[in-house]
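Peer 1: sequence first, then the predicted structure, then my questions.
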Amino acid sequence: MESSNAPTIYSITESEIDLNELLAKITLASTGAAAIFTGMVRGVTNRGGAHETEFLEYESYIPMAEAKMKQVADEIREKWPVVEGIAIVQRIGKLYPKTPTVLIACTAAHRDTGVFDAARYGIDRLKEIVPVWKKEVGPNGEEWVEGDYIPKPGE
Amino acid sequence: MNHIKLLFFATIRDRAGTKSLEMDIPANMTIQGLKDRLSTDYPNLKDSMKSVLITINREYAFDEAVVPANAEIGMFPPVSGG
């Protein structure tokens, strides 16, 4: 059941992502489950073009990115009304391997409510419409990573 | 004429050599018209204009859209966050 005080957190930050703090903010008396996805910088890539990464440099169109994160949260609530708290945080700046870069967490009363799917949708959607980019720097130079999703009208 | 502000990100900013530009455009100019003008005025951006994503006032916009006065126009490649 969605309540008017359901916490929604969305932000672009240059600070370390504090999982415990975020989880506490989206935990309510009524929530017994949280699905959390976090992505971190991968130093060694084996899938596709195998390569090593020294660091990633992230940038964002911050006011639009935060508005689109809010939109992703609204879409999650529309598709999974059982979701209670939502946190969507993207860290930007120069980030080294093993460093968490993004976090999506959704809370609900129980684990079998679709809360896993909701978090999965959140990270997939962030990678489609939230204006953030990363430049990959490795032993062979630097290269912007480009996505492949073209937003449609109304997105 | 309408005064507008352009914001460039990632590869588009690298090719433009600047983060932002301000310019005056005709009141009925569309996104397509703006792309054509940038391709002419800034040859480095010509190739980028084929695949660039465009926003008007922080919402995705498409070629037929007319650019409003005082618009904040974002130009960038497909996003790669996460």
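Peer 2: Nice, thanks for sending it over.

Peer 1: which residues are in contact with the spatially closest residue to residue B:9 that is not a sequence neighbour?
Peer 2: Distances taken as C-beta to C-beta, 6 or more residues apart in numbering or on different chains place residue B:76 nearest to residue B:9, at 3.9 Å, with adjacent residues excluded. Where C-beta positions appear, they are placed from N, C-alpha and C, glycine not excepted. By C-beta atoms under 8 Å, 6 or more residues apart in numbering or on different chains, the contact list for residue B:76 reads A:61, A:131, A:133, B:8-12, B:52-53.

Peer 1: same thing but 6 Å
Peer 2: When contacts are counted by C-beta atoms under 6 Å, 6 or more residues apart in numbering or on different chains, residue B:76 touches B:9-10, B:12, B:53.

Peer 1: filter these down to just the ones in strands.
Peer 2: Within the contacts of residue B:76, residues falling in strands by DSSP state E are residue B:53.

Peer 1: out of the contacts of residue B:76, who's nearest chain A?
Peer 2: Proximity of the contacts of residue B:76 to chain A (C-beta to the nearest C-beta) peaks at residue B:10, which lies at 3.9 Å.

Peer 1: with adjacent residues omitted, what lies nearest to the closest one?
Peer 2: Distances taken as C-beta to C-beta, 6+ apart put residue A:133 closest to residue B:10, at 3.9 Å, once the chain neighbours are dropped.

Peer 1: kindly state the beta-bridge partners for the residue of chain A found nearest chain B.
Peer 2: Nearest residue of chain A to chain B, counting by C-beta to the nearest C-beta: residue A:132, 2.9 Å away. Beta-bridge partners for residue A:132, by DSSP bridges, are residue A:60.
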